[in-house]
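Enquirer: sequence first, predicted model second:
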Amino acid sequence: MKQAKGIITAVIGVVILLTALDGFYIVHETEQVIITQFGDPVGDAVTDPGLKFKIPFVQTANYFEKRYLEWDGDRNQIPTKDKKFIFVDSYARWQITDPLQFYQRLGNERGAQSRLDDILDGETRNAIAAHDLLEIVRSSNREPDTTGALMLEVVEDSLEDINTGRQQIQEDIQELANQRTSDLGIQILDFRIKRVNYVEDVRRTVYDRMISERNRIADEFRSEGQGEASRINGEKERDLARIQSEAFREAEIIRGEADAKAAAIYNAAYNRNSQSRDLYSFIRTMNAYTKTIDKETNIILTTDSDFFRYLNSID
């Protein structure tokens, strides 16, 4: 009898313990919960954090994220309005705003991701196909920041005015996608085109054209530089010749003035008195001797020459 009572007590204790464990659940700050009973939602969503109670073994707590969630789209090949095939890679951020509606329509995050693939990829294709490539790449009109006429000519073709722009296209995609998700209990908070690129064949052609264009620009700049270098070298040679000519002229003027001043000094010294004239004549004659006569020189002098007169006077 006592053994039967012990077994019954143990069973009751286990049932109470299991009931307590399954009857309570915890809601964290980052979570929101939908309570279902036999698969059907019961009551409103539980969004306040804390310890909550539910009917054990009958009701089930279904947890959903309250934080922002990520959607990363596939890299799709899409033709633009101007018939250029590009790869578009996009991403978005979304949030569960109505857990009950989300559970009823999508069930879980996997179902939501699949539904977003259909909605966002479809709206992206429609938007890309409705706009030219320039509208998808650029967000605004801008003026070229350049000082060279040649560079201005090069960039003018790539700076055509746009009407919509990438930013507006992204906002339009987000708005249209939110209209289609309004009854799914989710909201798309942000949508961005992550990357735009040409398909491989077109990309090679574009790169080759860009390389060819840049080489042409480089050749034109190089030609202009060579012409400018020739002009500078010509001016340098002209200035050098002018400076040398002016320097030579000034040197000749100085040399002439110096010779004139020296001649004036000689004349003044020569005309001062007869002794000075004789001394001057003697010195000039001696200087002439040293420059014209050496040990191997033979000279013939007349009796009335200045050379003979001074030589004859030496005793």
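Expert: Structure's in. What do you need?
Enquirer: so what secondary structure elements neighbour the longest helix anywhere in the chain?
Expert: The helix spanning the most residues in the chain, taking DSSP state H as the definition, is helix 200-270. Taking 3 or more Cβ pairs under 8 Å, 6 or more residues apart in numbering; DSSP states H and E as contact, the helices and strands that helix 200-270 lies on are helix 149-156, helix 274-292. In this view, the C-beta of every residue, glycine as well, is placed from N, C-alpha and C.
Enquirer: between these, which gets the lowest average pLDDT?
Expert: Per-stretch mean pLDDT for the helices and strands packed on helix 200-270 is lowest at helix 149-156 (a mean of 43).
Enquirer: ok, then the element right after the lowest-mean-pLDDT helix or strand in the chain?
Expert: Ranked by mean pLDDT, DSSP states H and E, the weakest helix or strand in the chain is helix 149-156, scoring a mean of 43. Note on helix 149-156: by DSSP states H and E, the next helix or strand toward the C-terminus is helix 166-180.
Enquirer: helices and strands around the helix or strand following that following helix, which ones?
Expert: The C-terminal neighbour of helix 166-180 among helices and strands, as given by DSSP H and E, is strand 186-198. Helices and strands touching strand 186-198, as assessed by 3+ Cβ pairs under 8 Å, 6+ apart, comprise strand 85-96, helix 109-129, helix 133-137, helix 166-180.
Enquirer: out of the ones you listed, which gets nearest to Asn215?
Expert: The minimum distance between Asn215 and the helices and strands packed on strand 186-198 falls on helix 133-137, with 23.6 Å, by Cβ to Cβ.
Enquirer: may I have that closest one exported as CSV, CA atoms only?
Expert: Listed in CSV are the C-alpha atoms of helix 133-137, where the atom choice follows Å, rounded to 0.1, in the frame of the first residue of the first chain:
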residue,chain,number,x,y,z
LEU,A,133,22.0,52.4,-67.8
LEU,A,134,23.0,56.0,-66.9
GLU,A,135,20.0,56.3,-64.7
ILE,A,136,20.9,53.1,-62.8
VAL,A,137,24.6,54.0,-62.3
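Enquirer: state the mean pLDDT of that helix.
Expert: The predicted confidence, averaged over helix 133-137, sits at 86.
Enquirer: can you tell me what sits against it?
Expert: Residues lying outside helix 133-137 but in contact with it, judged by Cβ atoms under 8 Å, 6 or more residues apart in numbering, are 80, 82, 84, 86, 88, 128, 160, 162-166, 169, 193, 196.
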